[in-house]
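Enquirer: predicted structure and sequence below. I'll ask about it afterward.
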Amino acid sequence: MATANKVDLDGRPIKPITICMIGAGGFIGSHLCEKLLLETPHKILALDVYNDKIKHLLEPDSLPWVDRIQFHRLNIKHDSRLEGLIKMADLTINLAAICTPADYNTRPLDTIYSNFIDALPVVKYCSENNKRLIHFSTCEVYGKTIGSFLPKDSPLREDPAYYILKEDASPCIFGPIEKQRWSYACAKQLIERLIYAEGAENGLEFTIVRPFNWIGPRMDFIPGIDGPSEGVPRVLACFSNALLRREPLKLVDGGQSQRTFVYIKDAIEAVLLMIENPARANGHIFNVGNPHNEVTVRQLAEMMTKVYSQVSGEPAPEVPTVDVSSKEFYGEGYDDSDKRIPDMTIINRQLGWNPKTSLWDLLESTLTYQHRTYAEAVKKAIAKPTCS
Ligand SMILES: NC(=O)c1ccc[n+]([C@@H]2O[C@H](COP(=O)([O-])OP(=O)(O)OC[C@H]3O[C@@H](n4cnc5c(N)ncnc54)[C@H](O)[C@@H]3O)[C@@H](O)[C@H]2O)c1
Ligand SMILES: O=c1ccn([C@@H]2O[C@H](COP(=O)(O)OP(=O)(O)O[C@H]3OC[C@@H](O)[C@H](O)[C@H]3O)[C@@H](O)[C@H]2O)c(=O)[nH]1
């Protein structure tokens, strides 16, 4: 429930505001809506093409927050209601994007349009109407680390200066144009630059968020259950799908890439601090991740296999993983970020935020959710005879 007399980080009372949340029906949006409705007095204009992940917040009409959330089914590519909704709100949060790597090299045009062109009117309407904007970018804007270009045995690879990713210092290093994987990162980088320029030239009040692999319940879909059978979601859902079906987890190019994973509920705390502390968040770009939760993709597969076995009570499969080439898995033009450790100096200094949840604990709660939500449906789908 909304807490009365809540104050911001500087001791000032927090006034209830109206938030226009674009992409509210997605993974991050659904958690942000939940947090805002359960713990704050703010109102939400929730915009998306889909609302399955927030249905529990919209129905029935008897829910205590019924007058604090309004869902508008619309596609921001072509809907004249967008400007009016931004004008009705104090703050716009833009989460809408194509953001699954399987699309970047196979649907590069849709990826570029979604992450750059479709975001342009949102930035323009915020700037013209003096509305604050929190825009979701990505850790992918850093691309590859400087260290990845050093010889394999170089001692400099151990030096954090060559791999820690800092908002105000690290370069953005992408591969060649034919590696279309980078279409997403490049589009996100250009929209960041445009927002920054709107701030510098026209006084737009903005905050840019760079999520570092946020994971948790409701992320993406399980192919053939609540998404297309041939669809390729992000790694958490790919590995969950394999575990549910008792199939080997596929390791792309040996699973050597490294990632840091942060629990969605920790990350949402950071977003709430940005919403409620505009004076500390405006004009900043924030890394939001957990530098302590680093693993290779292979280690992630091993850990998820152990945790899932514990959660489901089923023994781990005899062949837990299988190697697959990136060309086979993603197709032509795939490339990868080698390592992603966020520097936390700016978010610590401005908002005092730190992630709390270990990788094991976040996998335990997430895989408990996956098992509860999908195990029966997957069993039924496997048992169904396939048409010849
Ligand atoms: N989850 C992460 O770890 C992560 C990492 C880096 C960046 N991000 C960024 O955060 C944002 C949200 O990510 P997510 O993980 O919640 O993804 P998601 O795909 O679950 O959510 C995106 C939502 O936007 C909606 N959307 C897309 N295009 C739209 C349009 N034209 N009109 C209306 N709605 C539209 C989709 O229907 C979807 O519900 C994205 O911008 C993504 O690039 C996420
Ligand atoms: O089944 C799989 C799926 C993925 N992988 C690997 O696992 C790693 C992580 O893959 P994800 O699908 O989660 O996506 P990435 O971490 O590469 O990018 C993501 O991070 C930042 C966000 O902007 C996006 O949500 C997405 O681009 C990659 O190295 C990928 O090749 C596998 O080895 N097997």
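Expert: Done, it's in. Numbering: from 1, shown residues only. Ligands and ions are numbered 1, 2, ... in the order given.
Enquirer: how about the residues of the chain by ligand 1?
Expert: 23, 25-29, 48-50, 75-77, 95-97, 99, 114, 118, 136, 138-139, 211, 213-214 (CB under 6 Å from any ligand atom). C-beta here means a position set from N, CA and C on the backbone, and glycine is covered the same way.
Enquirer: give me the buried entries from those.
Expert: Taking 16 or more other CB atoms under 10 Å as the criterion, what is buried in the residues of the chain next to ligand 1 is 23, 25-29, 48, 76, 95-97, 99, 114, 118, 136, 138-139, 211, 213-214.
Enquirer: what about this protein, any weak spots by pLDDT?
Expert: 1-4, 386-388 (pLDDT under 70).
Enquirer: around ligand 2, which positions in it sit nearby?
Expert: 99, 101, 138-140, 213, 234-235, 238, 250-252, 255, 257, 259, 297, 336-337.
Enquirer: ok, of those residues, which come out buried?
Expert: For the residues of the chain next to ligand 2, buried by 16+ other CB under 10 Å: 99, 101, 138-140, 213, 234-235, 238, 250-252, 255, 257, 259, 297, 336-337.
Enquirer: mind checking which of the residues you listed land in helices?
Expert: Of those, the ones assigned to helices by DSSP state H are 101, 235, 238, 297.
Enquirer: from residue 362, how far off is the residue in the chain positioned nearest to ligand 1?
Expert: Of all residues in the chain, residue 26 sits closest to ligand 1, at 2.0 Å by CB to the nearest ligand atom. Per CB to CB, to the nearest Å, residue 26 is found 19 Å from residue 362.
Enquirer: can you tell me the closest non-neighbouring residue to the one residue in the stretch 51-200 of the chain that gets nearest to ligand 2?
Expert: Of the residues in the stretch 51-200 of the chain, the one nearest ligand 2 is residue 138, at a distance of 3.4 Å by CB to the nearest ligand atom. Spatial nearest neighbour of residue 138, excluding adjacent residues (CB to CB, 6 or more residues apart in numbering): residue 188 at 5.1 Å.
Enquirer: helix, strand, or coil at the one you found?
Expert: helix (DSSP: H, G, I helix; E, B strand; the rest coil).
Enquirer: in contact with residue 359, which residues?
Expert: Residue 359 makes contacts with 261, 290, 293, 295, 303, as judged by CB atoms under 8 Å, 6 or more residues apart in numbering.
Enquirer: kindly recompute the last result at 10 Å.
Expert: 215, 260-263, 290, 292-295, 299-300, 303-304, 307 (CB atoms under 10 Å, 6 or more residues apart in numbering).
Enquirer: circling back: please report how far the residue of the chain closest to ligand 1 lies from residue 136.
Expert: 10 Å.
Enquirer: neighbours of the spatially closest residue to residue 165 that is not a sequence neighbour, how many?
Expert: Of all residues not flanking residue 165 in the chain, residue 142 sits nearest, at 4.6 Å (CB to CB, 6+ apart). Using other CB atoms under 10 Å, residue 142 has 26 other residues around it.
Enquirer: same check on the one 5 residues further on?
Expert: When counting by other CB under 10 Å, one arrives at 18 neighbours for residue 147.
Enquirer: what about the strands in the stretch 1-150 of the chain?
Expert: All strands of the stretch 1-150 of the chain, identified by DSSP state E, counting those that start in this stretch, fall at 18-22, 43-48, 69-73, 91-94, 132-136.
Enquirer: ok so, going back, let me know whether the residue nearest to residue 165 touches residue 148 as I believe.
Expert: No. In this structure, residue 142 is not within contact of residue 148 by CB atoms under 10 Å, at 11.2 Å.
Enquirer: please enumerate the shared neighbours of the two.
Expert: 163, 173, 337, 339.
Enquirer: which non-adjacent residue is nearest residue 233?
Expert: residue 220 (3.5 Å).
Enquirer: the one you found: neighbour count?
Expert: 22.
Enquirer: any idea whether it is helix, strand or coil?
Expert: Per three-state DSSP, residue 220 ends up coil.
Enquirer: surely it is in contact with residue 26?
Expert: Yes. Using CB under 10 Å, residue 220 is in contact with residue 26, at 9.3 Å.
Enquirer: can you give the distance of stretch 328-343 from its chain's centre?
Expert: A distance of 16 Å separates the centroid of the chain from that of stretch 328-343, by CA atoms, centre = their mean, to the nearest Å.
Enquirer: could you do stretch 102-116 as well?
Expert: On CA atoms, centre = their mean, the centre of stretch 102-116 falls 16 Å from the chain's centre.
Enquirer: what of stretch 14-21?
Expert: Distance, centroid of stretch 14-21 to centroid of chain: 22 Å (CA atoms, centre = their mean).
Enquirer: same question, stretch 62-81
Expert: Worked out by CA atoms, centre = their mean, stretch 62-81 lies 21 Å from the chain centre.
Enquirer: please apply the same query to stretch 147-165.
Expert: The mean C-alpha position of stretch 147-165 is separated from the chain mean by 27 Å, CA atoms, centre = their mean.
Enquirer: ok, stretch 133-144 next?
Expert: 10 Å.
Enquirer: tell me how far the longest helix along the chain is from the chain's mean position?
Expert: Longest helix of the chain, by residue count under DSSP H: helix 359-383. Relative to its parent chain, helix 359-383 has a centroid offset of 20 Å by CA atoms, centre = their mean.
Enquirer: in it, which residues are buried?
Expert: 359, 362-371, 373-374, 378, 381.
Enquirer: and for stretch 297-315?
Expert: Buried residues in stretch 297-315 (16+ other CB under 10 Å): 297, 298, 300, 301, 302, 304, 305, 307, 308, 309, 311, 312.
Enquirer: how about the first one: what's its closest non-neighbour residue?
Expert: In this case it means residue 297. According to CB to CB, 6+ apart, the nearest residue to residue 297 is residue 255 (3.9 Å).
Enquirer: so that neighbour sits right up against residue 303, yeah?
Expert: No. Counting by CB under 10 Å, residue 303 is not a contact partner of residue 255; they are 11.9 Å apart.
Enquirer: if anything else comes up later, I'll come back, but that's it for now.
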